[in-house]
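*Asks:* let's see this in three dimensions:
(one chain, ligands or ions: 2)
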Amino acid sequence: MNIQDTIERIIDPKQIDAARQIINRCNKFVVCTHMSPDGDAVGSSLAIASYLRKKGKEARVVYSDTPGDNLNFIPGLREEMVFDSQSQTSVKNTRDEAMQAIREADCFVITDLNTPSRMGDMNKEVMANPAPKILIDHHLDPATDSFDVIISHPEASAACELIYTFILQMGDDALIDKQIATQIYCGMMTDTGQFIFSSSRPQVYLIVARLLQEGFDKEKLHRDLALEPERRTRLKGYVLLQKMQLVTQYKAAYFSLNKTELKRFNHQKGDSEGFVNMPLDIYSIQVSAFFREEKNFVKVSLRSKGDFPVNLLAQKFYNGGGHKNAAGGEFLGTLQQAEQLFVKALPLFAKYLEK
Ligand code: 5GP
Ligand code: MN
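*Replies:* Ligands and ions are numbered 1, 2, ... in the order given. Below is the predicted model:
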């Protein structure tokens, strides 16, 4: 028996049929994902675009802003387009081309987000084009009015897991090649923290087993993911030694980085990705928050262990959302206010803490 025959087809066949009809009649695809794209956003968007090209379609990915250089190892990334070319860009193409692609698209495939606003400013352009929109995502509560086909599975480890399942259920497993397999694997590997989180369904490993048949170098991908510029290593040390605050009573930790500090360490996009997880390595700590000063807002990242629902915290206090153990938002105010709000909110969430 082939491995793919053992993989559960979790997507509703009605959604597959609806997507198939749209894909069959469309030719100019634009693939979009969430702003500040992470490994799953990049992997899922590149993989579905590669797949569509293999089906003979024109397909481009348009990122709302430039993916961090730490994701450069994902194959195909630097061929794509960026909408907000004001952010430093090593991706080839710029806003005008991105705009034109969005206007000319006759179909959008949107991955790893549940609501158009997560695309940032680009969402206005995308939503202004009446072309059909197919969503493939694993966040809770998809905005049902905004998409024509909704493939939404919060139980999935990553949007990339759903991209594979989608291709399988389209009857196109044979189109998976080494590049597509790598792109999908990268998203699954990054969104699960290298298969620690949200990856206990056996299905995840059946899909990994299938992808590995394409012969990519799995160990190298994990090594590439761990590599970082010296400035990030040093910033990490600074955060842990000088910035991290503990609120022991509520098993919480938080830290912030202001513009001056970011400049001092020549912080580039992606440099502080994952820092918010570090305090969770401390035995007693169950919730962690990271506040980073941006141009017009404070970027908030929240993580937790166990039952502490950081998505509720993000929703209630930081105009955001996310998953139970990983959430984020944007706060309009000062860094200090954002931090104070966190400390004040902790008692309201004390009931979720494990003894
Ligand atoms: P991160 O902390 O890595 O930026 O985000 C972790 C998760 O929180 C993301 O996967 C996403 O689900 C959610 N998230 C982050 N920022 C926002 C935001 O501004 N709004 C919403 N709704 N969710 C966010
Ligand atoms: Mn994801």
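*Asks:* excluding chain neighbours, what is closest to whatever residue of the stretch 51-200 of the chain ends up closest to ligand 1?
*Replies:* For the stretch 51-200 of the chain, the residue closest to ligand 1 is His139, as judged by CB to the nearest ligand atom, at 5.5 Å. Just so you know, the C-beta spots here come from the backbone N, C-alpha and C atoms, and that holds for glycine as well. Closest residue to His139 apart from its sequence neighbours, by CB to CB, 6 or more residues apart in numbering: Asn114 at 3.9 Å.
*Asks:* return the residues in contact with that neighbour.
*Replies:* 135, 137, 139-143, 152, 321 (CB atoms under 8 Å, 6 or more residues apart in numbering).
*Asks:* can the residues you listed go into JSON lines with extra columns for secondary structure?
*Replies:* Shown next, in JSON lines, are the contacts of Asn114 (DSSP: H, G, I helix; E, B strand; the rest coil):
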{"residue": "Leu135", "secondary structure": "strand"}
{"residue": "Asp137", "secondary structure": "strand"}
{"residue": "His139", "secondary structure": "coil"}
{"residue": "Leu140", "secondary structure": "coil"}
{"residue": "Asp141", "secondary structure": "coil"}
{"residue": "Pro142", "secondary structure": "coil"}
{"residue": "Ala143", "secondary structure": "coil"}
{"residue": "Ser152", "secondary structure": "strand"}
{"residue": "Gly321", "secondary structure": "strand"}
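*Asks:* Leu225 is in what secondary structure piece?
*Replies:* Per DSSP states H and E, Leu225 falls inside helix 218-226.
*Asks:* Ile134 too?
*Replies:* Using DSSP H and E, the element containing Ile134 is strand 133-137.
*Asks:* so what's the residue count around the residue of the stretch 51-200 of the chain closest to ligand 1?
*Replies:* Counted with other CB atoms under 10 Å, residues neighbouring His139 total 21.
*Asks:* correct me if wrong: Glu58 contacts Cys26.
*Replies:* No. Here Glu58 does not reach Cys26: they are 9.5 Å apart, not a contact under CB atoms under 8 Å.
*Asks:* higher neighbour count, these two?
*Replies:* Shown here are Glu58 and Cys26; by other CB under 10 Å, Cys26 has more neighbours (20 against 16).
*Asks:* avg pLDDT for the top helix by length along the chain?
*Replies:* Looking across the chain with DSSP state H, the single longest helix is helix 39-54. For helix 39-54, mean pLDDT is 98.
*Asks:* which residues does the residue of the stretch 51-200 of the chain closest to ligand 1 contact?
*Replies:* So His139 contacts 112-114, 152, 154, 321-323 (CB under 8 Å, 6+ apart).
*Asks:* could you do Gly320 as well?
*Replies:* Neighbouring residues of Gly320 by CB under 8 Å, 6+ apart: 300, 314, 327-330.
*Asks:* which two among the residues you listed are spaced furthest apart?
*Replies:* Spanning the widest gap among the contacts of Gly320 are Ala327 and Glu330, at 12.0 Å by CB to CB.
*Asks:* which one's more surrounded, those two?
*Replies:* Set Ala327 next to Glu330 and count neighbours by other CB under 10 Å: Ala327 wins out with 23 against 15.
*Asks:* and this protein, what are its domain boundaries?
*Replies:* Domain assignment for the chain, taken from automatic domain parsing, gives 3-224, 230-352.
*Asks:* go through those and pick out the most buried.
*Replies:* Comparing the domains of the chain by mean neighbour count (mean count of other CB atoms under 10 Å), domain 3-224 ranks first with a mean of 20.
*Asks:* so where is this structure shaky, pLDDT-wise?
*Replies:* Scanning the chain for pLDDT under 70 picks out the ranges 85-93.
*Asks:* would you mind naming what in it lies close to ligand 2?
*Replies:* 40, 112, 159, 191 (CB under 5 Å from the ion).
*Asks:* Phe19 contacts Lys133, doesn't it?
*Replies:* Phe isn't right for residue 19; it's Ala. No. Under the criterion of CB under 8 Å, Ala19 makes no contact with Lys133, lying 10.7 Å away.
*Asks:* shared neighbours of those two, anything?
*Replies:* Shared contacts of Ala19 and Lys133, defined by CB under 8 Å, 6+ apart, comprise Val149.
*Asks:* what about the strands in the stretch 101-250 of the chain?
*Replies:* 107-111, 133-137, 149-152, 245-247 (DSSP state E, counting those that start in this stretch).
*Asks:* how about the residues of the stretch 51-200 of the chain that lie near ligand 1?
*Replies:* Neighbours of ligand 1 within the stretch 51-200 of the chain, by CB under 6 Å from any ligand atom: His139.
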